[in-house]
Structures are given as structure tokens and as C-alpha cells.
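Peer 1: what's the 3D shape of this:
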Amino acid sequence: SFLVGSMSALVCALSGEPPLDPVVSKKTGHIFEKRTIKKYLLDSAQCPITGEEMSLNDLVDLKPNSAVKPKSAEITSLTGMISMFQNEWDAHVLEMHLLRKELDSTRTELSHTLYQHDAACRVIAKLLADQEVMKSELAEAKKRPVHVAPAPAAAAAAAGAAMDVDGGPGISDAIKGKMDAKSAELSKGRKKREISAGLAKEDAIKGYGSKLIKAHGAQVPTLCVDVHPTKPNVVSGCKTGEIEVLCADKASSLCKLGSGKHAGHTHPVNRVVFHATQDLVISAAENVRLWSSTSGAAIKTISTHTSEVTGLSLHATGDYLVAASVDRSWAFYDLETGTCCQVVPDTTAKGGYSGAQFHPDGLILGTCTVDSTVKVWDVKSQQNVVSFPAHGGAKINSLNFSENGYYLATTGSDGVKVWDLRKVAKMGANAVPAKHFEGASSMDARFDMSGQYLAAAFGNAVKVWQAKTWADVAAYDTAHTDVVTSVAWGQDAKFLVSASLDNTLKVWA
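Peer 2: All right, here's what the predicted structure looks like:
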């Protein structure tokens, strides 16, 4: 009787589903799926329902119609079928999502691998090309006659105030040791450094008003500016070659550099830089000149380059200087001795260099070219470690590293671009900007010393963005009536300086 009763509802006592291969217990009368109850009895010798002793010998096979597969009671109704279809659809959608996610991840990995392979091929090709050039230069050098150097006294008399160095003695191990020590010190300090409590807030910068400073008598365009790291002093270089130190707080002139025949430069000034700890201003035009920032007296003239000097950067130690030129070379100088340690020619820099800056740690140098290429160099070995096109073939007007060492800002006719150096190292020549600010041509862009803000000359306007998020902070849209040529931050971003072709220099505070 129990068999007849059970057969009327052929459902597995464990799963509650119609069994595909049903068996019945002779002792308890319960029906089970055969494979399920077998697995259970391997671990237990009891009926899973009643707890009575039971073995495989107590199971009797039932013979259902094998031509018709059992169906769940749930799908015998319309709502049950809809529910089943919904469950299957949900499972399908979830599976497709996981597959697409995995496909996207695989594509990304493949893309990075291809970029790295391409970069490696380019480096190998460049090394082979450099090897051939060096072999050719060595062969030519062997053919040249040996010249005897003049006596020290005669050489000193001929040199005078200017220097004309070809190649230089090289960057010594002592200099490299100082650079390594400074890099280690800065890297360690940067990780622990907290943002200055006095750093200007975004709302304050957004509300800055302008104050006019009559640099160069407000008669000629200012082409470049720099602000002292710890003083409210501004140095300005203009189109006629004149250089002037001014006070941002008082909007007044402190001194003009040089006098008479030795006043400023004979060509437009391209770059000016304050020394952080010494009474020194460095300028670049037809040559490089060192000046007293307080008296304005000329200290030294460096004439290593054969053409216009467009890039200038001080090393973090304050002891070394790099200058880059239209003559397609950059040079490394020791400020203490006033000598050129190394000239690094680059025949691939079509049109020459348009800018240069040391990375904050001082072991890497960034240069930009007239033909729109950014080149990153290992300073100690003078090797180009990575190059990438930046502004679609147009001249790069400037480049500037963020203090955190992760970002590089470049400017050109298509606006401002920010590059993540961590990605540039992986992607090489295929690097893409982390952010592109379009809408106007840009002549200059600089991060503040905290690395929190980026300011840029943007057509006739000056714009400020928050670094990392790149959100708008301020837009001084009516800053000038002509193209803004240069911008520079004061200490803790308490003020911002802008210069323009409209013959004005303004302080925003």
C-alpha cells in the first residue's frame, strides 16, 4: 500500500523534485533520486527522513516512463513558466556581464603588452642607431689632427667673462653622488610631507583680484616671469632683453639687472629663474647670464650654445643648472665653479628645444621641442629614456613637473595637456594625456609648490585647476587684452603672477 501511495506522488523525499532515476526504500516507503540517496548512504547508514537504519540493499528501483522526462510542478502553470524563463534570463545576463568584463580586462592587458613591446622595439632601434652614429663619430674623430691646448694663462685671457665649451669634461661621480643623495632625501621627505596649513583655499583663489605692476615701464611686452620660492619678489624678462626684479606686495620695482652695455640681453628674454637660497637670478636669451638679484650686477655670462637659449632649470641642490637651446642641445653646468660639465647634442630634435625642466627629484630632465616632442632624459647617463609626441606636430611652448613627481604639464597651440608619468613610462611613444584642456592656445602652465593647483596662460585669460581631479578652480577671463605669455605662483599659492603681450604684468591675490 505504501508503494501505491508513493507512486501517486513520485517526488524525491530529499529534493522535492520529480526524480529522473527513482528508487524506493523497502523499510520506510520513501522515494528518492537514486544518485542522491547513494551519496547520502555512503556517509550515513540511516534513512535521511525517518532516521531508521537503511542500506543500499533496502532500495528498490522504480520503472517510470523513460520517454517522458519528469517536470517540476512549478512549470505546469503559466506563472511558473514565466518565473522559470525570468530566472534563466537573469542567469544569462549575469553570465554575459561577467564574460564582457573579462573580455575588457583581457583587451586592456593585451593593449598594455603591445605598448610595452612597441616601446621596447623603439628603444632597441634607437640604441642601434645611436651605436652607428657613435661609430661614425669615432671614426671621424680618429681622422682629425690633435690640437695642443694653449697655456693656462693664455686660455684664461681668451676666455674672459664668457665660456665656450664643447662637450665638457662630463658629469663627475662626485656630482652624481650629490644628486643621488638629494633625490633620496626629497623622495623620503615627499612621502611624509603634509600640505602647508597656510596653503590658499580654492574659494580664496577663485576670489583673487588683480593688481597691476608697471614692469619695464609698461612699455614693452613681458615674455617670462618667475617668483621667488620664499619672498614676494618677481623677476620679469621682456621682449627688448631687459630684466627687472619687482615686489609683488608693493607693486614696485626693486632693481633692473645690469647697466649700460651690460644691461639685460640683446635678444628677447625667454626664461628667468630665481635661485632659492642665493642672491641670484639666471636668465636665458642669446646666452645664459647670472645676476645679483639685489644689486642687479652682472656676475657671469655663459655662451656654450651657438643659438638662442629657450630652456632653463635649476637642480634641487641649487648647485647645478641645465640650459636647452634651439641649436638642438642641452647643457649641464656647475654653478659653483661656473663651468659646463656636459653638452648633450640631439640631432633628432627638429627645430631645436623650446623648453627644459628638472624633475623634482633631480635625476630626470624633461625637454620639449619645436616639432612637438617631449623627451625625458636620465641626467647622470645623458640617455633619452622615453619620447612621445605631445601637441599634434605644433611647437610645445613650455613644460612643468608637479611637485609630487607624477604629473607633467605641457602647453601648445591646442591648449594644455597633463601627462601621468607612470602611464607614460609604460606606453612610451603611444602615451595619451591624462587631461586635455582645450579651447585656446597656451604659452605657459605651472603647478604651485604644493602640487595642489595648476595655473595656465589660456589665450588672453588665466585659468586655475585643482590637480588630480582637474576641476575648475578659477578663470580670470578678462585678465589681459592680449596673449598671456607666462604665469608663476607665489609661496603657498597666496598670489599668482601673469604677464602678457599687452605690456602688463599683474598680481592676482
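
Peer 1: so where's this protein uncertain?
Peer 2: Judged by pLDDT under 70, the chain has its weakly predicted residues at 1-9, 65-76, 142-167, 191-192, 259-262.

Peer 1: And stretch 297-315, what's buried?
Peer 2: Buried residues in stretch 297-315, counting neighbours by 16 or more other C-beta atoms under 10 Å, are found at 298, 300-305, 308-315. Heads up, the C-betas are built off the backbone N, CA and C, glycines and all.

Peer 1: Could you single out the nearest of those to residue 126?
Peer 2: Ranked by distance to residue 126 (C-beta to C-beta), the buried residues of stretch 297-315 are led by residue 311 at 21.8 Å.

Peer 1: Now the terminal residues of stretch 209-226, how far apart.
Peer 2: The first residue of stretch 209-226 is 19 Å away from its last residue (C-alpha to C-alpha, to the nearest Å).

Peer 1: now stretch 179-197, how far from the chain's geometric center?
Peer 2: When C-alpha coordinates are averaged (C-alpha atoms, centre = their mean, to the nearest Å), stretch 179-197 and its chain have centres 18 Å apart.

Peer 1: for stretch 267-283, that is, sorry about that
Peer 2: Relative to its parent chain, stretch 267-283 has a centroid offset of 26 Å by C-alpha atoms, centre = their mean.

Peer 1: Quick check: end-to-end length of it?
Peer 2: Using C-alpha to C-alpha, the end-to-end distance of stretch 267-283 comes to 11 Å.

Peer 1: For that stretch, which residues meet the burial criterion?
Peer 2: Of the residues in stretch 267-283, those buried by neighbour count under the rule 16+ other C-beta under 10 Å are 268-275, 280-283.

Peer 1: among the residues you listed, which are in helices?
Peer 2: Secondary structure defined by DSSP state H assigns none of those to helices.

Peer 1: Can you tell me which of those is nearest residue 402?
Peer 2: The closest of the buried residues of stretch 267-283 to residue 402 turns out to be residue 273 (C-beta to C-beta; 17.8 Å).

Peer 1: Quick check: bridge partners of the closest one?
Peer 2: Legend: beta-bridge partners of residue 273 under DSSP bridges are residue 282.

Peer 1: thought it was touching residue 226?
Peer 2: Yes - the criterion here is C-beta atoms under 8 Å, and residue 273 meets it with residue 226 at 5.4 Å.

Peer 1: Skipping its backbone neighbours, what lies nearest residue 297 in space?
Peer 2: Closest residue to residue 297 in three dimensions, ignoring its sequence neighbours and counting by C-beta to C-beta, 6 or more residues apart in numbering: residue 291, at 6.9 Å.

Peer 1: quick one: contacts for the one you found?
Peer 2: The neighbourhood of residue 291, defined by C-beta atoms under 8 Å, 6 or more residues apart in numbering, consists of 243, 257-258, 280-283, 297-299.

Peer 1: so can I have a markdown table of these showing distance to residue 332?
Peer 2: Listed next are the contacts of residue 291 as a markdown table, based on distance: C-beta to C-beta, whole Å:
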| residue | distance to residue 332 |
| --- | --- |
| 243 | 23 |
| 257 | 24 |
| 258 | 25 |
| 280 | 18 |
| 281 | 20 |
| 282 | 14 |
| 283 | 18 |
| 297 | 25 |
| 298 | 22 |
| 299 | 19 |
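
Peer 1: Just name the closest of the residues you listed to residue 95, please.
Peer 2: Checking these against residue 95 with C-beta to C-beta, the nearest one is residue 282 at 64.6 Å.

Peer 1: Could you say which helix or strand holds residue 286?
Peer 2: Taking DSSP states H and E as the definition, one finds residue 286 inside no helix or strand.

Peer 1: cool, residue 451 as well?
Peer 2: Using DSSP H and E, residue 451 is not contained in any helix or strand.

Peer 1: and it, what are its phi and psi?
Peer 2: Here the main-chain torsion angles of residue 451 (degrees, to the nearest 10) amount to phi 80, psi 10.

Peer 1: thinking it is in contact with residue 402, fair?
Peer 2: Yes - counting by C-beta under 8 Å, residue 451 sits close enough to residue 402 to count as a contact (4.6 Å).

Peer 1: Identify the contacts common to residue 273 and residue 226.
Peer 2: Between them, residue 273 and residue 226 share the neighbouring residues residue 235, with contact defined by C-beta under 8 Å, 6+ apart.

Peer 1: who are the neighbours in contact with residue 391?
Peer 2: Listed by C-beta under 8 Å, 6+ apart, the contact partners of residue 391 are 372, 410, 412-414, 417.

Peer 1: now swap in residue 458 and tell me
Peer 2: 415-416, 437, 439-440, 442, 484.

Peer 1: Now the residues you listed in TSV, please, with extra columns for neighbour count, secondary structure and distance to residue 89.
Peer 2: What follows is the contacts of residue 458, written out as TSV (neighbours: other C-beta atoms under 10 Å; DSSP: H, G, I helix; E, B strand; the rest coil; distance: C-beta to C-beta, whole Å):
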residue	neighbour count	secondary structure	distance to residue 89
415	20	strand	47
416	29	strand	48
437	22	strand	45
439	12	coil	47
440	18	coil	51
442	29	coil	52
484	29	strand	59
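
Peer 1: ok, those vs residue 217, which is closest?
Peer 2: Using C-beta to C-beta as the measure, the one of the contacts of residue 458 that approaches residue 217 most closely is residue 484, at 19.6 Å.

Peer 1: which residues does the closest one contact?
Peer 2: 443-444, 457-462, 498-500.

Peer 1: if you set the cut-off to 6 Å instead, what comes out?
Peer 2: With C-beta atoms under 6 Å, 6 or more residues apart in numbering as the criterion, the residues that contact residue 484 are 457, 462, 498, 500.

Peer 1: Return the set of residues that bridge with it.
Peer 2: Legend: beta-bridge partners of residue 484 under DSSP bridges are residue 500.

Peer 1: With residue 238 as the reference, measure out to it.
Peer 2: Residue 484 sits 15 Å away from residue 238, going by C-beta to C-beta, to the nearest Å.

Peer 1: Kindly report the same for residue 323.
Peer 2: Here the criterion is C-beta to C-beta. By it, residue 323 lies 19 Å from residue 238.
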